[in-house]
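Colleague: show me how the following folds:
(one chain, ligands or ions: 1)
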Amino acid sequence: MTTAQPLIQARGLVKRFGGFTAVDAIDVAVRAGEAFGFLGPNGAGKSSTMRMIGCVSPPSGGELRILGMDPVHDGPAIRARLGVCPQLDTLDPELTVRENLITYARYFGITRRVARHRAAELLDFVQLGERADSKVEPLSGGMKRRLTIARALVNEPDIVLLDEPTTGLDPQARHLVWERLFQLKQQGVTLVLTTHYMDEAEQLCDRLVVMDGGRIVAEGSPRVLIEQHSTREVVELRFAAESQEPFAGKLEELGERIEVLPDRILLYVPDGDAAVAEVTALGLSPANVLARRSSLEDVFLHLTGRTLVD
Ligand SMILES: Nc1ncnc2c1ncn2[C@@H]1O[C@H](COP(=O)(O)OP(=O)(O)OP(=O)(O)O)[C@@H](O)[C@H]1O
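Modeller: Numbering: from 1, shown residues only. Next up is the predicted model:
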């Protein structure tokens, strides 16, 4: 395999569960050293895709190559070179923090001596060195997730798969996880992650695909996706009324595009402050006004007509 070849290449990849198509003929190429994301709402098909890449769920159709190998025939060889951080923690609550890493390393045939050394290094990396002898149970959600990330690194993988790495964590815990993932990125580790948080996708991913209903609806870097599918800024207006709809007609002239949601109106404009001044000049007085930069949430809304997190 040459370095120019993508580490993960999917062409027309399909996953069906009975008559239901969860992943519908997607094309994906993940290059060495990049942080690649699958962004989409619940049920978009992100986990199903990850499980095929992780060689724990066989594709129903299409082509998938991971590190130049075929997951159906070369599953064990591929898995040996992957690090996997699943959506739900699968740590062993009977073992200590350190033992969780050592036991996991042993599955890869790593000697006990090397495993101990690697466990110590990785626990320092995820800032859990002081908890090495603690049982897993009393750890916070964020600590458990960082331990799972450490566990995913124990075999020095070529690719790390992270399924919703910060779902369920509070903001501070999320930032600690992000910091560690940034660090891995800087070390040149290839990261593949799923998320339904647009801020996570924007901050961590060099490139991403936006998924909806099993399909890829857009692909690119966060910056390019925003440039292609949104305006520079957005003004969010909330009117204290039963429905936002009656206000929309009056605002249509102001923006390049307008979205009316049940609780607010989004006005897509080049300059947020100028648009707010124009809203005021129209004599409208919304209960709440926010001018902000466009985000991947706006991209998703534009492409699908729905918000990422309902
Ligand atoms: N084992 C299964 N049997 C039947 N249907 C499944 C199975 N696994 C997933 N699905 C369905 O496939 C669709 C995609 O699920 P998937 O878990 O891949 O989505 P997701 O984007 O990862 O969302 P989430 O964040 O909720 O995991 C969903 O409609 C889900 O109900």
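Colleague: please, which helix or strand holds Glu236?
Modeller: The secondary structure element spanning Glu236 is strand 233-238 (assigned by DSSP states H and E).
Colleague: what helices and strands are in contact with that strand?
Modeller: The elements that strand 233-238 packs onto, with contact taken as 3 or more Cβ pairs under 8 Å, 6 or more residues apart in numbering; DSSP states H and E, are strand 265-269, helix 272-281, strand 288-293. C-beta: built from backbone N, CA, C; applies to glycine.
Colleague: which SSE is immediately downstream of that strand?
Modeller: Past strand 233-238, the next helix or strand by DSSP H and E is helix 245-251.
Colleague: where does the protein have low pLDDT?
Modeller: Scanning the chain for pLDDT under 70 picks out the ranges 1-3, 309-310.
Colleague: spatially nearest residue to the spatially most central residue of it (excluding sequence neighbours)?
Modeller: Taking Cα atoms, centre = their mean, the centroid of the chain lies closest to Thr195, which sits 2.8 Å from it. Counting by Cβ to Cβ, 6 or more residues apart in numbering, Thr195 lies nearest to Ala201, which is 5.4 Å off, once chain neighbours are set aside.
Colleague: contact partners for the closest residue to Val210 other than its chain neighbours?
Modeller: Spatially, and ignoring its direct neighbours in sequence, Val210 is nearest to Ala218 (4.4 Å; Cβ to Cβ, 6+ apart). Ala218 makes contact with Val209, Val210, Leu225, Gln228, His229, Val299, Leu303, according to Cβ atoms under 8 Å, 6 or more residues apart in numbering.
Colleague: how far away is the second one from Ala275?
Modeller: Looking back up the chat, that one is Val210. 26 Å (Cβ to Cβ, to the nearest Å).
Colleague: for the residue nearest to Thr195, which three-state class applies?
Modeller: Counting by DSSP: H, G, I helix; E, B strand; the rest coil, the backbone at Ala201 sits in helix.
Colleague: check Val72 too.
Modeller: Going by three-state DSSP: Val72 is coil.
Colleague: can you get me a residue count around Asp74?
Modeller: 16 (other Cβ atoms under 10 Å).
Colleague: so who does Arg238 touch?
Modeller: Gln244, Asp263, Arg264, Ile265, Pro286, Ala287, Asn288, Val289.
Colleague: out of the residues you listed, which end up buried?
Modeller: The neighbour-count test (16 or more other Cβ atoms under 10 Å) marks Gln244, Arg264, Ile265, Pro286, Val289 as buried among the contacts of Arg238.
Colleague: and of those, the nearest to Tyr107?
Modeller: Comparing those against Tyr107 with Cβ to Cβ places Arg264 closest, at 49.6 Å.
Colleague: is it correct that that closest one is in contact with Ala240?
Modeller: No. With contact defined as Cβ atoms under 8 Å, Arg264 does not count as touching Ala240 (11.4 Å).
Colleague: just name the most buried of the helices and strands packed on strand 233-238.
Modeller: Scoring the helices and strands packed on strand 233-238 by mean neighbour count under mean count of other Cβ atoms under 10 Å gives strand 265-269 as the most buried, with a mean of 24.
Colleague: and that strand, which strands flank it?
Modeller: strand 233-238 (antiparallel), strand 257-260 (antiparallel) (DSSP bridges).
Colleague: what residues of stretch 31-46 count as buried?
Modeller: Those would be 31-32, 34-41, 44-46, for stretch 31-46 by 16+ other Cβ under 10 Å.
Colleague: for stretch 73-82, how far is the first residue from the last?
Modeller: This stretch, stretch 73-82, spans 16 Å end to end (Cα to Cα, to the nearest Å).
Colleague: rewinding a little: confirm the residue nearest to Val210 sits in a helix?
Modeller: No. Going by three-state DSSP, the assignment for Ala218 is strand, not a helix.
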